[in-house]
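**Q** please work out how this folds:
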Amino acid sequence: MVNIKLLNKSDNPTPVYKTKGAAGFDIASNEEVFLPPGAGLLLSTGIYLIIPEGYEGQLRLRSSMWKKTGIMPNAPGTIDSDYRGEIKIPIRNTHAHNSMHIWKGERVAQIVINKLPWVEMEEIDENTFNIPSNQTIRGGAGFGSTGNNE
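**A** Coordinates of the predicted model:
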């Protein structure tokens, strides 16, 4: 088990895993907001974490937020182990005509904790990069190209 230290400066209950099989723990808004169509903001949670070195927190919107047409740009967001600021939730209202209402205390996002490998980079030259054993069928075809070479 990983020990995550949490400081709760909000009026909301301390986040917990809601079920034994939950991948993440929910966090709630520490403010009430109305987001006009197309608007976005960083939503305050009042939550601060100390995540051990070698781990990260992944911030994700709760799946129920689709009902409110909310999206989280840059999802999932990464919370590094050396970050000590307030966890804020980037959220945008994608509805074309309606404002989005988020209540204070409403569970909006979840945090999933993951163990990270530490990797070493080995710089190589272009000739080494291009040898046949380093190439793949996909190559540098770009996003959405998987399976298009069949």
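**Q** residue 61 and residue 107: what is the separation?
**A** Distance, residue 61 to residue 107, by C-beta to C-beta, to the nearest Å: 10 Å. (Each C-beta comes from the backbone N, C-alpha and C, glycine too.)
**Q** for residue 140, same thing?
**A** 41 Å.
**Q** looking at these two, which one has more neighbours?
**A** Neighbour comparison, residue 140 and residue 107: the larger count goes to residue 107, with 18 against 7 (by other C-beta atoms under 10 Å).
**Q** just list whatever residues bridge to the more buried one.
**A** Beta-bridge partners of residue 107, counted by DSSP bridges, are residue 28.
**Q** my guess is it contacts residue 62. True?
**A** Yes. Shown here, residue 107 and residue 62 form a contact pair, counting by C-beta atoms under 8 Å, at 6.0 Å.
**Q** between those two, which contacts overlap?
**A** Common neighbours of residue 107 and residue 62, using C-beta atoms under 8 Å, 6 or more residues apart in numbering, are residue 26.
**Q** go ahead and produce PDB holding the CA coordinates of stretch 54-71.
**A** The C-alpha trace of stretch 54-71 is given here as PDB (Å, rounded to 0.1, in the frame of the first residue of the first chain):
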ATOM      1  CA  GLY A  54       8.200   7.300  -7.900                       C
ATOM      2  CA  TYR A  55       4.400   7.800  -8.100                       C
ATOM      3  CA  GLU A  56       2.100  10.200  -9.800                       C
ATOM      4  CA  GLY A  57      -1.500  11.200  -9.500                       C
ATOM      5  CA  GLN A  58      -3.700  11.200 -12.600                       C
ATOM      6  CA  LEU A  59      -6.500  13.700 -12.400                       C
ATOM      7  CA  ARG A  60      -9.600  12.700 -14.400                       C
ATOM      8  CA  LEU A  61     -13.100  14.000 -14.600                       C
ATOM      9  CA  ARG A  62     -15.700  11.700 -13.200                       C
ATOM     10  CA  SER A  63     -17.600   9.900 -16.000                       C
ATOM     11  CA  SER A  64     -20.900  11.500 -14.900                       C
ATOM     12  CA  MET A  65     -19.600  15.000 -16.000                       C
ATOM     13  CA  TRP A  66     -20.600  14.200 -19.600                       C
ATOM     14  CA  LYS A  67     -24.200  14.800 -18.500                       C
ATOM     15  CA  LYS A  68     -23.300  18.400 -17.800                       C
ATOM     16  CA  THR A  69     -21.200  18.600 -21.100                       C
ATOM     17  CA  GLY A  70     -18.100  19.200 -19.100                       C
ATOM     18  CA  ILE A  71     -14.700  18.200 -20.400                       C
END
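**Q** perfect, I'm done here.
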